[in-house]
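Peer 1: just coords:
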Ligand SMILES: Cc1cc2nc3c(=O)[nH]c(=O)nc-3n(C[C@H](O)[C@H](O)[C@H](O)COP(=O)(O)OP(=O)(O)OC[C@H]3O[C@@H](n4cnc5c(N)ncnc54)[C@H](O)[C@@H]3O)c2cc1C
């Protein structure tokens, strides 16, 4: 009789949970090991005093078919909620005012966000030569194709919103592969986007809609649905320090109270955790992975039972670094999703810190209050700042930054995985940082193990 394959997954965030869900669905024996007492990783939803807020990710994009497939697989246990159509309106702060980010060429020509010179440059974008340096930074790529004001007032705030990052560090080949491929495959962002829209799509690709999603009742409902299918008995929380070491064709996982043998060990943890977890991997081979940079951020949830500020009929607003303010942007959560704030109230989420103002992410809740008071009052049109809810959550390693050393990191991961078959170094150290990327990666890892078993 064929031996039953045993898999250990380290980390019970969305990556580990998705992997475990698909493995369990195919009858594979899985154990998830989680360091903290909370299951879901950075995903956490809190209900408090009439507000429902997230302390980690707030919404995702259905940018990968695997997201739609996962919600379909879990449809009896949690309900996908797509954002209010107002989410199509994204605001950018410039010279003391919000402006809508233009969604097409027509609006791009009339917006005050870009300089007249760059508007002409944008018209010429389809005719510009494509880049040849795979490690070109996002800032250089955008300046070359679209101009400096487009970088400052469209791409810079977009990168702050996703990566809390710096476009002069981020490398599109790794961080924004779809954008990079548009230039490489079609020679232009604008021409490429138009051509791509006309191309026939596979059934799977049709499921990627780019809609903004959450879950009815908050993102933690997705986590609860995954736990239900994986089985709580297969998830060990507060597991303490673990060590994995190779045997002949298997791996031995030890910790306080554990001594288990596994065929596969999948890590989904951040880069800094790897040396202790895998002491047998040569430190120099791991170095390109462990030196991965992360942006520090503090997330602030602010609730008002009665809203007296500007109209919140948009996704939210982003603040370009050039505007020299102390928040990265504001999400209008009570506009995006249902039941986030009482009746006439509002729930806003703002972020501070990031790669270019990390010191702000070190401030305590008390210290950050006046910073938020100043910036939110100014941008949200509030005469007085008396929120009914004010909660902060600090992250020292919030978002991995895919820079020019990413090629070296990915090669190091491949070399380790090749040398030690059965070990997978996953999570946001590769393949993207958004929830959609994490779900895609988790499903793919599970499928590879299932197919290898067959
Ligand atoms: C503040 C914030 C806002 C974000 N906003 C968005 C957003 O709006 N949209 C979006 O798509 N994405 C967003 N992201 C990114 C997205 O949330 C993450 O990429 C994703 O949730 C990460 O999932 P993960 O499972 O890979 O990692 P994690 O959620 O970090 O899970 C890893 C787990 O491993 C555990 N662990 C670590 N070390 C060990 C160890 N040695 N042993 C055992 N367990 C260990 C950790 O405790 C953790 O639970 C945001 C991230 C942050 C931090």
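Peer 2: That came through fine. Just so it is clear, the model here is predicted, and its values are computed rather than measured. Numbers count the residues shown, from 1 in each chain.

Peer 1: Let me know the helix or strand that residue 403 is in.
Peer 2: Secondary structure from DSSP states H and E places residue 403 outside every helix and strand.

Peer 1: swap in residue 143?
Peer 2: Secondary structure from DSSP H and E places residue 143 in helix 138-145.

Peer 1: tally of neighbours for residue 237?
Peer 2: Using other CB atoms under 10 Å, residue 237 has 14 other residues around it. (C-beta placed from N, C-alpha, C; glycine too.)

Peer 1: And for residue 394?
Peer 2: Other residues lying near residue 394 total 17 when counted by other CB under 10 Å.

Peer 1: and it, that one's in a helix?
Peer 2: No: with DSSP: H, G, I helix; E, B strand; the rest coil as the criterion, residue 394 is strand rather than part of a helix.

Peer 1: which SS state does the closest residue to it other than its chain neighbours fall under?
Peer 2: Excluding its sequence neighbours, the residue lying closest to residue 394 (CB to CB, 6 or more residues apart in numbering) is residue 298, at 4.8 Å. Here residue 298 is strand, with the state taken from three-state DSSP.

Peer 1: For residue 67, see how far away residue 298 is.
Peer 2: Distance, residue 298 to residue 67, using CB to CB, to the nearest Å: 27 Å.

Peer 1: Return the residues of the stretch 1-150 of the chain in contact with the ligand.
Peer 2: Proximity of the stretch 1-150 of the chain to the ligand, by CB under 6 Å from any ligand atom, involves residues 10-16, 33-36, 41-43, 56-60.

Peer 1: Find the residue closest to residue 280 in space, skipping its chain neighbours.
Peer 2: Per CB to CB, 6+ apart, closest to residue 280 is residue 245, 5.4 Å.

Peer 1: neighbours of the one you found, just the number please.
Peer 2: Residues lying near residue 245 (other CB under 10 Å) number 11.

Peer 1: likewise residue 242?
Peer 2: 22.

Peer 1: show me what contacts it?
Peer 2: Residue 242 is in contact with 10, 33, 253, 254, 255, 258, 277, counting by CB atoms under 8 Å, 6 or more residues apart in numbering.

Peer 1: mind checking pLDDT for it?
Peer 2: Per-residue confidence (pLDDT) for residue 242: 98.

Peer 1: Next: residue 1.
Peer 2: At residue 1, pLDDT is 51.

Peer 1: and if you look at residue 202?
Peer 2: 89.

Peer 1: hmm, back to that, got a PyMOL select line for the buried ones in the residues of the stretch 1-150 of the chain next to the ligand?
Peer 2: Selection of buried members from these for PyMOL, criterion 16 or more other CB atoms under 10 Å:
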select buried, resi 10+11+12+13+14+15+16+33+34+35+41+42+43+56+57+58+59+60
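
Peer 1: Okay, and which of the residues of the stretch 1-150 of the chain next to the ligand map to helices?
Peer 2: 14, 15, 16 (DSSP state H).

Peer 1: Pipe these into TSV and attach distance to residue 109 and pLDDT per row.
Peer 2: Shown next, in TSV, are those (distance: CB to CB, whole Å; pLDDT from 0 to 100):
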residue	distance to residue 109	pLDDT
14	40	98
15	42	98
16	47	98
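
Peer 1: Filter the contacts of residue 242 down to the ones in helices?
Peer 2: Reading helices off these with DSSP H, I get residue 277.

Peer 1: The residue of the stretch 201-350 of the chain found nearest the ligand: how many residues sit nearby?
Peer 2: Residue nearest to the ligand within the stretch 201-350 of the chain (CB to the nearest ligand atom): residue 269, separated by 3.7 Å. For residue 269, the neighbour count with other CB under 10 Å is 24.

Peer 1: and what of residue 334?
Peer 2: Residues near residue 334, counting by other CB under 10 Å: 24.

Peer 1: Can the strand or helix carrying it be said to contact the ligand?
Peer 2: Using DSSP H and E, residue 334 sits within helix 333-336. No: against the ligand, helix 333-336 shows no contacts by CB under 6 Å from any ligand atom, the least distance being 10.4 Å.

Peer 1: Could you pull out the buried residues of stretch 389-399?
Peer 2: Here stretch 389-399 shows 389, 390, 391, 392, 393, 394, 395, 397, 398, 399 as buried, counting by 16+ other CB under 10 Å.

Peer 1: Then stretch 74-89?
Peer 2: 74, 78, 80, 81, 83, 84, 87, 89.

Peer 1: Please name the nearest non-neighbouring residue to residue 209.
Peer 2: residue 62 (4.8 Å).

Peer 1: hang on, that neighbour packs against residue 205?
Peer 2: No: in this structure, residue 62 is not within contact of residue 205 by CB atoms under 8 Å, at 11.7 Å.

Peer 1: the more surrounded of these two?
Peer 2: residue 62 (19 against 11).

Peer 1: any idea of the pLDDT on the more buried one?
Peer 2: 96.

Peer 1: How about residue 298?
Peer 2: Residue 298 carries a pLDDT value of 98.

Peer 1: How about the contacts made by it?
Peer 2: 351, 352, 353, 360, 361, 363, 368, 392, 393, 394, 395.

Peer 1: buried sites along stretch 353-365?
Peer 2: Under 16+ other CB under 10 Å, the buried positions of stretch 353-365 are 353, 354, 355, 356, 357, 360, 361, 363.

Peer 1: Quick check: mean pLDDT of the helix holding residue 334?
Peer 2: Helix 333-336 carries an average pLDDT of 98.

Peer 1: Partner strands of whichever helix or strand comes after it and their direction?
Peer 2: Remark: after helix 333-336, the chain's next helix or strand is strand 346-353, criterion DSSP H and E. Strand 346-353 pairs in its sheet with strand 293-304 (antiparallel), strand 329-332 (antiparallel), by DSSP bridges.
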